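**Q** pasting a predicted model and its sequence here:
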Amino acid sequence: LEPCITCHAWNRDRSMLAISPNSNDIHIYSMQAATAGPPKFTRAWTLREHDALVTGIDWAASTNRIVSSSQDRNAYVWELQDNEWRPTLVILRLQRAATSVSWSPDEAKFAVGSGEKLVAVCYFESQNNFWVSKHLRRHGSTV
């Protein structure tokens, strides 16, 4: 696939893999099982929206949405529409890099860790049609 991978996430049926090849891009690969030997991976999409190294990726099993975080202090929720991944910026309000990201079990919220000693819990605000966050503080170091 790539010589260096900083983060990755599989889709629900493990037929697709999203990775960050130690850059600000996200590559999505389609996997085909081989009759003999290892499976074959084919790059299907490249997602470009972050301005710095991607630090976290999580793929929601039920909704098929991807969330990504980056050292650029941003997160994006990606949705597949008409065979194209469309990003929605998440309002994180971070002063330092985002370090990790993970969907909640019901996929209605996700958490973003940061170098700011806080976790941003993000949810969709339907009246404004965008993702917002609330901060949980009191961590002793980077989350």
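**A** On my side now, so go ahead.

**Q** now for residue 81, how many residues are close by?
**A** Residues near residue 81, counting by other Cβ atoms under 10 Å, number 8. C-beta coordinates here come from the backbone N, C-alpha and C atoms, glycine included.

**Q** ok, it to residue 2 distance?
**A** Using Cβ to Cβ, to the nearest Å, we find residue 81 at a distance of 26 Å from residue 2.

**Q** same deal with residue 66?
**A** Separation of residue 66 from residue 2 (Cβ to Cβ) stands at 17 Å.

**Q** same thing with residue 101?
**A** Here the distance between residue 101 and residue 2 works out to 20 Å (Cβ to Cβ).

**Q** more neighbours: which of those two?
**A** Shown here are residue 101 and residue 2; by other Cβ under 10 Å, residue 101 has more neighbours (27 against 15).

**Q** so that one, which of the three states?
**A** Of the three states, residue 101 takes strand under DSSP: H, G, I helix; E, B strand; the rest coil.

**Q** touching stretch 105-114 from outside, list them.
**A** Stretch 105-114 has contacts (Cβ atoms under 8 Å, 6 or more residues apart in numbering) with 56, 58, 60-63, 65, 67, 69, 73, 75, 90, 92, 94, 96-104, 119-124, 133, 142-143.
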